[in-house]
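Asker: here you go, sequence then predicted model.
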There are 4 protein chains.
Amino acid sequence: MFKKNNSPSLRCKLVQIFNGNHPRLGNSFDIFITVLILISLIALTVETIPDLPSWLRQFLYILEIIIVSLFTVEYISRILAARPHSNYVFSFWGCVDVLAIAPFYFGLLGLGLDLRAIRVLRLLRVLRAFKLFRHAKAADRLKNAFQSVKDELTVFAGMACMLLYLSAVGIYFCENEVQPEIFSSIPGSLWWAVVTLTTVGYGDAFPVTVGGRVFTFFILVLGLGIIAIPTGLIASALTNMHESSKED
Amino acid sequence: MFKKNNSPSLRCKLVQIFNGNHPRLGNSFDIFITVLILISLIALTVETIPDLPSWLRQFLYILEIIIVSLFTVEYISRILAARPHSNYVFSFWGCVDVLAIAPFYFGLLGLGLDLRAIRVLRLLRVLRAFKLFRHAKAADRLKNAFQSVKDELTVFAGMACMLLYLSAVGIYFCENEVQPEIFSSIPGSLWWAVVTLTTVGYGDAFPVTVGGRVFTFFILVLGLGIIAIPTGLIASALTNMHESSKED
Amino acid sequence: MFKKNNSPSLRCKLVQIFNGNHPRLGNSFDIFITVLILISLIALTVETIPDLPSWLRQFLYILEIIIVSLFTVEYISRILAARPHSNYVFSFWGCVDVLAIAPFYFGLLGLGLDLRAIRVLRLLRVLRAFKLFRHAKAADRLKNAFQSVKDELTVFAGMACMLLYLSAVGIYFCENEVQPEIFSSIPGSLWWAVVTLTTVGYGDAFPVTVGGRVFTFFILVLGLGIIAIPTGLIASALTNMHESSKED
Amino acid sequence: MFKKNNSPSLRCKLVQIFNGNHPRLGNSFDIFITVLILISLIALTVETIPDLPSWLRQFLYILEIIIVSLFTVEYISRILAARPHSNYVFSFWGCVDVLAIAPFYFGLLGLGLDLRAIRVLRLLRVLRAFKLFRHAKAADRLKNAFQSVKDELTVFAGMACMLLYLSAVGIYFCENEVQPEIFSSIPGSLWWAVVTLTTVGYGDAFPVTVGGRVFTFFILVLGLGIIAIPTGLIASALTNMHESSKED
């Protein structure tokens, strides 16, 4: 739509770059941003390792400054490119972009907030990674498949929640007497219900009474069905999407 | 069917309210009852947390009185609305409704029953939640899907039970000698069989002999098939239901 | 085929009873045998519980004598009914039937065999339960579904075995140095591979080195596919069987 | 293609043997090599058991010499049969074949390399087993099924990687304070994420804070879908492959 402009303005050029249809650059901007995100994620990961040598810590800090600067430039450019500017600022991706750089500036200010709180804010930087999906077209097919089995999924989700709750209540009354530390209350027993019905089974909580074990057996038979069937449903729906899109 | 009545009696109004087709109230009664059930479930959950402050315990008790009163009013209204009255009293939902309020009145009486027994009776209050499904239409499709693969599910259920039993017998003879505490008897070994074949694997019981481990391998190969295939079956049947209902 | 006999001989009557087409008894013989098998299985299960009261142990012994007597009568009748007699003796179910009663008589003889060996022979009594499937028609559909995806299952079984072996070899070289007790040899590491790839995860053996954990990650990604896909395959095949049989 | 030669040269005979279309030998050469590979794999497995008697260790060493000799003869024959010789040397299977025998000769040389390094090289001998798949035709159907759902699998793989990373970041911030040993850093928490999302659940790492447990619940709900759906997808695709190939 901008190809008709013989001498595109700076704003038009920016829009072309951000949309990935600039005549020369193409989608190389997207690739550049993606690489930046990946580097910043690796930096965040390495940063958390305890007892890092001080030169590495320093290097990571400088890397952080460079990445935040580039993202800040990107953020300002995107504001300038949008008409009206506020359109971008208050859009979903505008919020994500500002949250991706805000923790760093909050850290610089060093206000009344303690360091721990700032580090937790940094977790939001992970949200940058969501941008990678902005242009993924294959995700649409996935979305349609989900849409087509939405009703069944809702029923199953309701049944799964109820089963989780019933499991927690049942095991609480079976095991509380014998293991008051582990099955201390219904909310506490919910942890057991989640770990068991997903078949993770860490082994930090398990029934020891005969009643609790028989109860677990019946809950598992029901639960495996309720949790396994929806995934089969989505797979079937996706295959149907796939075939009907091939026929078109 | 009641819309032809120009001046509906109290009974007719009650029936309309309970069926959700009252001209003014619509299904707001259902929503009100659902919210009440959810509140009472949350109260039951919070109640089990040990070392609650006494004001919260008092508040929960008053909440309990209010909820039980409302459910009692509902129960009596439903009896009055039914023709003949005994129709509702002896119906499935009539029983569920009375079981949902009975534990409270038994608690008030404080008969020869000890407190522990009363607390277990309260578990039945969870049955209130089943009422939420009274009007769910989507559940019908699920029921049809189950119906269509009923025969195969029966065969698999039989095979699964047999495999569970054979696993328990096999592991008992393999491991009893070495771990007499954990694999003390065939009923005791069944717990291991359930935890292993559902792939939960808490880690409270596992074979240590070579024979027991080789046996576990073969049992798992068989068991994963027998437990995983039925879920795939129901998912396929549901997809077929879904499609044939779309074609209509 | 025996209905044309106006005065059927004892042999014919026996054949009719065993086939479940006797004019008066129908399939009540099958039901009787099934109940007997279930009682004997329950007896076997209870017998293994340690510290049983002596009166229960005595009762179980008498029950055992009654059941074995009845099965012996059935075994002899079946031999008499078959033409030639050896046809049944050397058939698969003939062997199962003799193995179901042999342990008891071996126990009576009390030869050089020690008691332990005799108890292990009793495990074969469980084989009686297989008789329940003799007439199950629904099992045929299952067999056809397996048949139709036989080739794919063979490829997957081969891949699964290879993956199990490669996992054991890989984890042995990663972890043997650090945990020589748990990953003591490749056969010993196979136990870890089985428990991990089936996602049971007892927690008795797990990698602690970085190399071992990265290796586990890749093995699991591959393994989940190889073990989960075949079950989906059989489920799809079964649904197809089901539909084509409905169309007929 | 070699059947027109009336007096086939040694090279032609070799090619016929290697391709399994020799008039007399047929595919017996393939079977012979497969048996050799299996024997060498069993030898490798037994070798790792600690405290083997010295005569067995000696026997395994001699077996190793025989097998490596036969593989060396095969390797040289394959070079001679190829036109030009280098075609085979630099092909994928040429590399596999040389890696299968190289560790032994490196062991003989006993250079500056320590024994440990040589033993790790031996792991490559396992690659011999891959040769078994050289002629498997059924694997083609599997490859096509994978191909047809490649796009969806890529999206799911991306989502799975992201979910794994997000899980590790989330649990690190939830649990690091309370369990600094187990959730020591984001890379360390990745191990927990892998073990939990695959539902293996060894029990060596699990959240204990309320925040961490609620987080685990949501991660598992998402994760089971993302990991379970792709396997259902491939199964559906394979069934379609199967049916369309039957229709041809």
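Answerer: Sure thing, it's come through.

Asker: show me what contacts residue A:52?
Answerer: The neighbours of residue A:52, taking C-beta atoms under 8 Å, 6 or more residues apart in numbering or on different chains as the test, are A:46, A:60. Placement of C-beta: from N, CA and C, glycine included.

Asker: in terms of helix, strand or coil, where does it fall?
Answerer: What DSSP: H, G, I helix; E, B strand; the rest coil gives for residue A:52 is coil.

Asker: what does the pLDDT read for it?
Answerer: Here the pLDDT value assigned to residue A:52 is 86.

Asker: same deal with the one 5 residues further on?
Answerer: The predicted local distance difference test score for residue A:57 is 88.

Asker: residues near the closest residue to it other than its chain neighbours, how many?
Answerer: Computed as C-beta to C-beta, 6 or more residues apart in numbering or on different chains, the closest residue to residue A:57 that is not its neighbour in sequence is residue A:47, at 7.8 Å. Residue A:47: 18 surrounding residues under other C-beta atoms under 10 Å in any protein chain shown.

Asker: same check on residue A:64?
Answerer: Applying other C-beta under 10 Å, we find 19 residues neighbouring residue A:64.

Asker: that one falls within a helix, correct?
Answerer: Yes - counting by three-state DSSP, residue A:64 is part of a helix.

Asker: identify the residues contacting it.
Answerer: Applying C-beta under 8 Å, 6+ apart, the residues near residue A:64 are A:40, A:43, A:104.

Asker: show me the domain layout of chain A.
Answerer: For chain A, the domain assignment from automatic domain parsing gives the residue ranges A:10-135, A:141-241.

Asker: which of the contacts of residue A:64 has the most neighbours?
Answerer: Among these, residue A:40 has the most neighbours (other C-beta under 10 Å), with 22 neighbours.

Asker: just give the nearest non-adjacent residue to that one, would you?
Answerer: For residue A:40, ignoring the flanking residues on the chain, the nearest one in space by C-beta to C-beta, 6+ apart is residue A:67 at 4.7 Å.

Asker: any idea how far the one you found lies from chain C?
Answerer: 26 Å (C-beta to the nearest C-beta, to the nearest Å).

Asker: that residue: neighbouring residues, count only.
Answerer: 20.

Asker: next, format the contacts of residue A:64 as JSON lines and append secondary structure.
Answerer: Below are these laid out as JSON lines (three-state DSSP):
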{"residue": "A:40", "secondary structure": "helix"}
{"residue": "A:43", "secondary structure": "helix"}
{"residue": "A:104", "secondary structure": "helix"}
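
Asker: which one of those residues sits closest to residue B:95?
Answerer: For those, the minimum distance to residue B:95 (C-beta to C-beta) is 60.9 Å, reached by residue A:40.

Asker: you'd agree that closest one is up against residue A:66?
Answerer: No - judged on C-beta atoms under 8 Å, residue A:40 makes no contact with residue A:66 at a distance of 9.6 Å.

Asker: may I have the phi/psi pair for residue A:166?
Answerer: phi -60, psi -40 (degrees, to the nearest 10).

Asker: pick the most deeply packed of the domains of chain A.
Answerer: domain A:141-241 (a mean of 20; mean count of other C-beta atoms under 10 Å in any protein chain shown).

Asker: rounded mean pLDDT for that domain, please.
Answerer: Domain A:141-241 shows a mean pLDDT of 80.

Asker: for the helix or strand residue A:158 falls within, packing partners?
Answerer: Assigned by DSSP states H and E, residue A:158 falls within helix A:150-175. In terms of contacts (3 or more C-beta pairs under 8 Å, 6 or more residues apart in numbering or on different chains; DSSP states H and E), helix A:150-175 is packed against helix A:186-197, helix A:210-247, helix B:138-148.

Asker: kindly recompute the last result at 10 Å.
Answerer: helix A:186-197, helix A:210-247, helix B:28-47, helix B:115-122, helix B:138-148, helix B:210-247, helix D:210-247 (3 or more C-beta pairs under 10 Å, 6 or more residues apart in numbering or on different chains; DSSP states H and E).

Asker: between that helix and helix A:186-197, how many degrees?
Answerer: Helix A:150-175 and helix A:186-197 are oriented at 120 degrees to each other (axes from the mean of the first three to the mean of the last three C-alpha atoms, to 10 degrees).

Asker: grab the nearest non-local neighbour of residue A:63.
Answerer: Sequence neighbours aside, residue A:43 is the residue nearest to residue A:63 in space, at 5.3 Å (criterion: C-beta to C-beta, 6+ apart).

Asker: how far away is that neighbour from residue A:185?
Answerer: 41 Å (C-beta to C-beta, to the nearest Å).

Asker: residue A:155 too?
Answerer: 29 Å.

Asker: what residues does the closest residue to residue A:167 other than its chain neighbours make contact with?
Answerer: Distances taken as C-beta to C-beta, 6+ apart put residue A:193 closest to residue A:167, at 3.9 Å, once the chain neighbours are dropped. By C-beta atoms under 10 Å, 6 or more residues apart in numbering or on different chains, the contact list for residue A:193 reads A:163-172, A:186, A:205, A:216, A:219, A:223, D:217.

Asker: do you know how far residue A:193 is from residue A:160?
Answerer: Between residue A:193 and residue A:160 the distance, using C-beta to C-beta, works out to 10 Å.

Asker: got any residues that touch both of those two?
Answerer: Shared contacts of residue A:193 and residue A:160 (C-beta under 10 Å, 6+ apart): residue A:223.
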